[in-house]
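Peer 1: here is my input; please provide its structure:
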Amino acid sequence: MARDSKKPNGSASIDAVSLAIIEQLQEDGRRPYAAIGKAVGLSEAAVRQRVQKLLDQGAMQIVAVTDPLTVGLRRQAMVGINVEGDLEPVADALAELNEVEYVVITAGSFDLIVEIVCEDDEHLLEMINKRIRTLPGVRSTESFVYLKLRKQTYTWGTR
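Peer 2: Residues are numbered from 1 along each chain as shown. Down below sits the predicted model:
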């Protein structure tokens with residue numbers, strides 16, 4: 001599956017072999033380069049070079065993903081936030097909070113959506129009431145507390 005050298009947004013494309021390498025690493029981020037090479041038809045050195053290029057380009061990261069429950073973080077929530085004025089300073093301030101996993105500027109009912117991971121309900125209340133709602137520009141919030149996580153994948157880079 002060949003891809004164009006540039007995507008419409010101007011970023012560089014990733015060829016089919018690099019996508020196959022990413023897929024191998026998504027299955028096991030510690031998979032040896034020699035095993036990846038065998039699976040995708042490249043030498044170990046060529047795989048190492050491609051992986052380094054993907055990392056350098058920011059196209060991929062290799063990270064350890066934890067289950068929040070097993071590390072003592074029992075409460076997760078999505079928080080929709082409406083902002084008065086410029087969204088970006090609020091988004092930047094939210095991004096600085098350790099409990100915030102991601103910040104998305106959106107179009108629709110909310111200006112921003114953040115996912116937060118907390119120790120418990122008390123911690124969640126503190127985050128929403130004292131750390132998010134008190135940020136300059138935050139007009140309102142709506143919380144969506146996770147009761148059960150049914151699916152979480154990280155394969156969207158290769159499908």
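Peer 1: top helix in the chain by residue count?
Peer 2: Ranked by residue count and defined by DSSP state H, the top helix of the chain is helix 44-57.
Peer 1: could you spell out the sheet neighbours of the next helix or strand after that helix, each with its direction?
Peer 2: Downstream of helix 44-57, the next assigned helix or strand under DSSP states H and E is strand 75-83. Paired strands of strand 75-83, with direction, are strand 112-118 (antiparallel), strand 138-145 (antiparallel) (DSSP bridges).
Peer 1: contact partners for Leu147?
Peer 2: Residues counted as contacts of Leu147 (C-beta atoms under 8 Å, 6 or more residues apart in numbering): none. Heads up, the C-betas are built off the backbone N, CA and C, glycines and all.
Peer 1: before we move on, the earlier item: show me what the longest helix of the chain is packed up against.
Peer 2: helix 16-27, helix 33-40 (3 or more C-beta pairs under 8 Å, 6 or more residues apart in numbering; DSSP states H and E).
Peer 1: just want the angle from it to helix 33-40.
Peer 2: 100 degrees (axes from the mean of the first three to the mean of the last three C-alpha atoms, to 10 degrees).
Peer 1: who are the packing partners of the helix or strand bottoming out on mean pLDDT in the chain?
Peer 2: Taking mean pLDDT, DSSP states H and E as the measure, the chain has helix 16-27 as its least confident helix or strand, at a mean of 92. Judged by 3+ C-beta pairs under 8 Å, 6+ apart, helix 16-27 is in contact with helix 33-40, helix 44-57.
Peer 1: one step back: just the CA atoms of the longest helix of the chain, as CSV, please.
Peer 2: What follows is helix 44-57 as a C-alpha-only set of coordinates in CSV (Å, rounded to 0.1, in the frame of the first residue of the first chain):
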residue,chain,number,x,y,z
GLU,A,44,17.7,-5.4,11.8
ALA,A,45,19.8,-2.3,10.9
ALA,A,46,17.1,-1.0,8.5
VAL,A,47,14.4,-1.4,11.1
ARG,A,48,16.5,0.4,13.7
GLN,A,49,17.0,3.2,11.2
ARG,A,50,13.3,3.5,10.4
VAL,A,51,12.3,3.4,14.0
GLN,A,52,14.7,6.2,14.8
LYS,A,53,13.4,8.2,11.9
LEU,A,54,9.8,7.7,13.1
LEU,A,55,10.8,8.8,16.6
ASP,A,56,12.7,11.8,15.3
GLN,A,57,9.8,13.0,13.1
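Peer 1: show me the contacts for the residue nearest to Ile81 when sequence neighbours are not counted.
Peer 2: Spatially, and ignoring its direct neighbours in sequence, Ile81 is nearest to Leu112 (4.3 Å; C-beta to C-beta, 6 or more residues apart in numbering). By C-beta under 8 Å, 6+ apart, the contact set of Leu112 is 80-81, 83, 87, 90-91, 94, 103-106.
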